[in-house]
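> coordinates for the following, if possible.
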Amino acid sequence: MENLIALDENGRMVPTDPGLLARTVAGLLDGPLDQPAQLRRAGVGLLVLGRHEEAVDLLERALAGAEGTFSVAVHINLGDAHRYAGDPDAAEPHYQRALRLSEALAPDLLSFCFQHLGKQRLDQGRTAEARTLLEEALRQRRAEGDPSLIAATESALRLVGQAEAARAAAPAPAHPVSGEGVGR
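Residues are numbered from 1 along each chain as shown. I've put the predicted structure just below:
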């Protein structure tokens, strides 16, 4: 299913072939969904197709049966489902839990945790925090040497830069002068 998902210019997962992805997800949903890995695959597919509530449901079911490092990935996916649905605040506990689990069980997944938490901060307009988290993800990814992961983080950092530039270029809000228009 990985070949059916790409990242768009905003660093979000999108289908490369929506029809084929929909058929693949339908096939998963028609089969027995009794294993956390199957639930996760179907949940991620639904997430990418924009069916966020259904994705959250399946990913929560996957999480209930997840153990060890697998739970890190499921928490990240659950965070993404909430974030893509427009609720970055609901995403944060999942990203934070993924980070804590990764620190304890899967240090090799830390860059993913920093990456997704950084994107969540960006969605909230917390660009300084986003930059710090993404720079840590980039540092780790450069040490690991995966060019595609490095590129994804560099792209996310460019989005932070664009958000910072847009904020700097925005006119300052007008503030009324104290006392004007007030009867004495």
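> ok, the residue nearest to residue 60 when sequence neighbours are not counted - contacts?
Nearest in space to residue 60, with sequence neighbours left out and distances taken as C-beta to C-beta, 6 or more residues apart in numbering, is residue 78 at 6.8 Å. C-beta here means a position set from N, CA and C on the backbone, and glycine is covered the same way. Residue 78 is in contact with 56, 59, 60, 63, 91, 94, counting by C-beta atoms under 8 Å, 6 or more residues apart in numbering.
> what about the helices in the protein?
18-30, 36-48, 52-65, 69-84, 88-105, 110-123, 127-144, 147-169 (DSSP state H).
> and the angle for the first one with helix 52-65?
On the basis of axes from the mean of the first three to the mean of the last three C-alpha atoms, to 10 degrees, helix 18-30 is oriented at 40 degrees to helix 52-65.
> report the mean confidence score over helix 18-30.
Helix 18-30 comes out with an average pLDDT of 95.
> also the second one?
Along helix 36-48, the predicted local confidence has a mean pLDDT of 96.
> tell me the buried residues in it?
Within helix 36-48, the residues scored as buried using 16 or more other C-beta atoms under 10 Å are 36, 38, 39, 40, 41, 42, 43, 44, 45, 46, 47, 48.
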